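Student: Structure, please.
(chains A and B)
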Amino acid sequence: MEKKEKIGVYVCHCGTNIAGVVNVGEVSTWAAENLKDQGVVVSRDYKFMCSSLGQELIQKDIKEYGLTRVVVAACSPHLHEATFRNACKGADLNPYLCELVSIREQASWVHTDKVAATEKSKALISGGVSRVVYNEPLEPLYVPIHPATLVVGGGISGIQAALEIADAGYRVYLVEREPSIGGHMAQFDKTFPTLDCSACILTPRMVQVGSHPNITLLTYSEIEKVEGYVGNFTVSIRKRARSVDEATCTGCGICWEKCPKKVVDNVFEAGMGNRKAIYVPFPQAVPKYPVIDRENCTFYIKGTCKACEKFCPTEAINFAQEDEIINVEVGNVILATGYDPFDARRITQYGYGRLANVFTSLEFERLSNAAGPTGGNIVLRDGKTVPKVVGIVHCVGSRDKNYNEYCSAICCMQSLKFAHLVHERTGAEIYNFYIDIRAPGKGYEEFYHRLLDEGTHFVRGKVAEISDAVRLPGEEGKLIIQVEDTLTGNQLRVPVDMAILSAGLEPRRDAKAVAKQFGISCSADGWLIERHPKLDPVATVTEGIYIAGCVQGPKDIPASVAQGAAAAARILGKIMQKEIALEPIRASIKEEQCSGCRICNNVCPFNAILFHEDKMVSEVNPALCQGCGTCVAACPAGAISGTGFSNQQILSQIEGLMLLNIKSHKETVPA
Amino acid sequence: MTEETKSFEPTIIGFTCNWCSYRAADMAGTARMKYAPNVRLIRLMCSGRLDPTFVFKAFASGADAVLISGCHPGDCHYISQNYKALRRFHLMKRVLTQLGIEPGRLKLLWASAAEGAIFASEITKFVEEVRALGPLNWPQPGEQVSTPIMEEVTA
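Tutor: Next comes the predicted model:
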């Protein structure tokens, strides 16, 4: 160091939070006397450093002593680093020349031995002082934000997000894998607890999306590739061939009426109904254009038929249509790809797939739907018999260490809704088998009480088995639900005509691949991880990538809508700023020291390091670099430096932290 | 065990990542969980930033042990960089052993931001382990370093 730094040390009492355990006066005096060689010219303690008076104290010293570095010993930098950096900035000292040392979370709050806590505080300050000498003045990085947004997933969450952003006047690309938007909500008949008709509240939103001048709707499409960084993503979208020309198709429906090929609809109808080979998933589909399912279309299989083409009044059928790759530029992305229902076949003892009258929740949704395969008649698998006794099994695949430990949040309410619909439409006797009833939403508990009043039976116990093995009189032709009523301690065999498995929610099968594609991570369960579980629920650790709805974890419709809107609001805020400031913690490579070994290229998870073949050296793209510093540690030539956490800073901090010890060690231990 | 080693208070340098383990330390503080005062933490952005030099520097500067902590595997803020830390950890343990330093003086701890309690209890446990090992004593010139790794190296 050519120029000697002038350092100010500020020790905060934090009321009694720090001063109650750490002798702050002693620490401050010690720093003034013992850290002179390191450049400390002033050291003070004050009741609340973060107060405006405390900040003014620092600012006054910066001016009077001409301080070039500031060390504040107070709380965690995650709490007040910004406060003290701003204070320094206010006194014309570069904010990155201020270092926060945590003597509250790391000393006074976690230690009871006052002497040890005081000594540790001295060591931590010594480390901070040694480090701050090597802090460099930095400026935040600014990158422009492209005003368009990509929304992946056209369920209710993605729809909400797309509409919010489009209504604000910005372009949205909404990409949906299925031929229509609407998601799971479009499959439901009623929504709990209000029993609103699901389609009646959803379809107007879908129509809005379809006709919005600011929304480019890409259905039957998937994300191919994502490149770039916050503000500047380039996304390749594969628009699969519909075999129908969208420009001329009017959605009149003659084609699917005339199509001779019936196909079991395993997606929208959950296997409960049929569709044609050319189809729209449901009558209110948006967009209204059908798709030809090439795997099942007679023309694609046998080369003849073309009934749809013959009857189409606008000549919109195009058997030769090919997939299209569309590249779009966007500044931000919202992932709202939803969930998959738990596959009830996995719990073999519940008999789903083996016993005809065991239904899954999604099947029951279609069964009870007025637009569904039975026109809303709740009947057994034979299509005509109305059940007299119905058993509803809660927590199928949830709250079960064999499958998913988490609570799927919606199954209790979904089961109560089913119970109500069965009661209303068939008058059948209903049993709910539950572990706990979880009804924490607005109006949810009241709905539960309504069900109790309706006379639905509630049995607290996890169902052991559903079988058709008759043991007792009266069980013939029935499904027998074996369960322990844990409130009475009795083993029960409950004969029912129909069993509904209230299946939990699981991450989409390809959630991990999606997360990887967009550079974010999944929890152990497979849900995408938010930046902060409490305070930042829709942002992710990758700048510019947001998540909304069930992709983040199981949740009901109101929560999904709220998250969609929240993600939109976050992005609109970014778009309004036109550019984004990024923390200047970045790696950079000294070209003349780089040997071109390319080790750094491989350790970078963000592909931020480019290799220049011509010069045989690597270079960091500062906009892609997230500042983890792994390349800095990995470079065998020491050619990479990381701002904010340089080798010098860390090595010096280690020496500083050990300063106290070396002295005391040498004094006490004879050589 | 002599009187001196019983009263021995080890000094430990701990490296944490900014996102999980430093926040675990914050969490331990906020929840007022108590742990031994022997560890002095250094915040890095990621456990992947941990240059092995830092560990050797800590030992050379008089630390009796070094703690490395980061996000759980799969939870890394930077996707997978904690796996790099894990690889270096195994490598450093071997090198330390070759240098005649007990491998028990280097500890790797995964702690999520929610695991303040684990962070606190693991630190206390580690301090006791290091206390049992006694102060770090570098082998003197001519002193035989007897470790299985030595055989491997000389073989």
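Student: Enumerate the residues of the stretch 401-550 of chain A near chain B.
Tutor: A:519, A:521, A:522, A:523, A:524, A:529, A:541 (Cβ under 8 Å from any Cβ of the partner chain). No exception for glycine: its C-beta is placed from N, CA and C like everyone else's.
Student: Quick one: residues contacting the third one.
Tutor: Residues near residue A:522 by Cβ atoms under 8 Å, 6 or more residues apart in numbering or on different chains: A:507, A:511, A:512, A:515, A:528, A:529, B:74.
Student: Narrow the residues you listed to just the buried residues.
Tutor: Neighbour counting by 16 or more other Cβ atoms under 10 Å in any protein chain shown classes A:507, A:511, A:515, A:528, A:529 among these as buried.
Student: Which single residue of the stretch 51-200 of chain A ends up nearest chain B?
Tutor: residue A:105 (2.9 Å; Cβ to the nearest Cβ).
Student: hang on, that residue is in a helix, isn't it?
Tutor: Yes. According to DSSP: H, G, I helix; E, B strand; the rest coil, residue A:105 belongs to a helix.
Student: Residue 73: what's it in contact with?
Tutor: By default, I'm working from chain A. When contacts are taken as Cβ under 8 Å, 6+ apart, residue A:73 is in contact with A:9, A:10, A:11, A:12, A:27, A:101, A:103, A:121, A:124, A:125, A:128.
Student: wrong one, chain B
Tutor: So residue B:73 contacts B:82, B:83, B:86, B:110 (Cβ under 8 Å, 6+ apart).
Student: Go through the residues you listed and give me the one with the most neighbours.
Tutor: Neighbour counts for the contacts of residue B:73 (other Cβ atoms under 10 Å in any protein chain shown) peak at residue B:82, which has 31 neighbours.
Student: Please report how far it lies from residue B:111.
Tutor: As for residue B:82, its distance to residue B:111 is 11 Å (criterion: Cβ to Cβ, to the nearest Å).
Student: Overlap in contacts, those two.
Tutor: In terms of Cβ under 8 Å, 6+ apart, residue B:82 and residue B:111 are both contacted by the residues B:70, B:71, B:72.
Student: Which of these fall within strands?
Tutor: Among the shared contacts of residue B:82 and residue B:111, DSSP state E puts residue B:70 in strands.
Student: from the chain's centre, how far out does the helix or strand harbouring residue A:201 sit?
Tutor: Assigned by DSSP states H and E, residue A:201 belongs to helix A:198-211. Computed by Cα atoms, centre = their mean, to the nearest Å, the separation of helix A:198-211 from the middle of its chain amounts to 25 Å.
Student: Okay, buried residues for it please.
Tutor: For helix A:198-211, burial by neighbour count (16+ other Cβ under 10 Å) applies to A:198, A:199, A:202, A:203, A:205, A:206, A:208, A:209, A:210.
Student: who does that helix touch, helix- and strand-wise?
Tutor: Here helix A:198-211 touches helix A:156-167, strand A:190-191, strand A:215-218, going by 3 or more Cβ pairs under 8 Å, 6 or more residues apart in numbering or on different chains; DSSP states H and E.
Student: one more time with 7 Å
Tutor: helix A:156-167, strand A:215-218 (3 or more Cβ pairs under 7 Å, 6 or more residues apart in numbering or on different chains; DSSP states H and E).
Student: From the contacts of residue A:73, list the ones also adjacent to chain B.
Tutor: When contact is defined as Cβ under 7 Å from any Cβ of the partner chain, the contacts of residue A:73 meet chain B at residue A:124.
Student: Just the buried ones from the contacts of residue A:73?
Tutor: Buried positions within the contacts of residue A:73, assessed by neighbour count (16+ other Cβ under 10 Å), are A:9, A:10, A:11, A:12, A:27, A:101, A:103, A:121, A:124, A:125, A:128.
Student: per-residue pLDDT, the nearest residue to residue A:213 once chain neighbours are set aside?
Tutor: Using Cβ to Cβ, 6 or more residues apart in numbering or on different chains and skipping the chain neighbours, the partner closest in space to residue A:213 is residue A:166 (8.0 Å). pLDDT for residue A:166: 98.
Student: what's the neighbour count on residue A:166?
Tutor: Residue A:166 is flanked by 22 other residues according to other Cβ under 10 Å.
Student: I figured it was touching residue A:160, is that so?
Tutor: No. Taking Cβ atoms under 7 Å as the definition, residue A:166 is not a contact partner of residue A:160, at 10.9 Å.
Student: Residue A:367 touches residue A:375, doesn't it?
Tutor: No. Between residue A:367 and residue A:375 there is no contact under Cβ under 7 Å: 10.0 Å.
Student: Is it possible to get a markdown table of the buried ones among the contacts of residue A:522 that adds pLDDT and secondary structure?
Tutor: As requested, these are exported to a markdown table (pLDDT from 0 to 100; DSSP: H, G, I helix; E, B strand; the rest coil):
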| residue | pLDDT | secondary structure |
| --- | --- | --- |
| A:507 | 97 | strand |
| A:511 | 93 | helix |
| A:515 | 87 | helix |
| A:528 | 91 | strand |
| A:529 | 85 | coil |
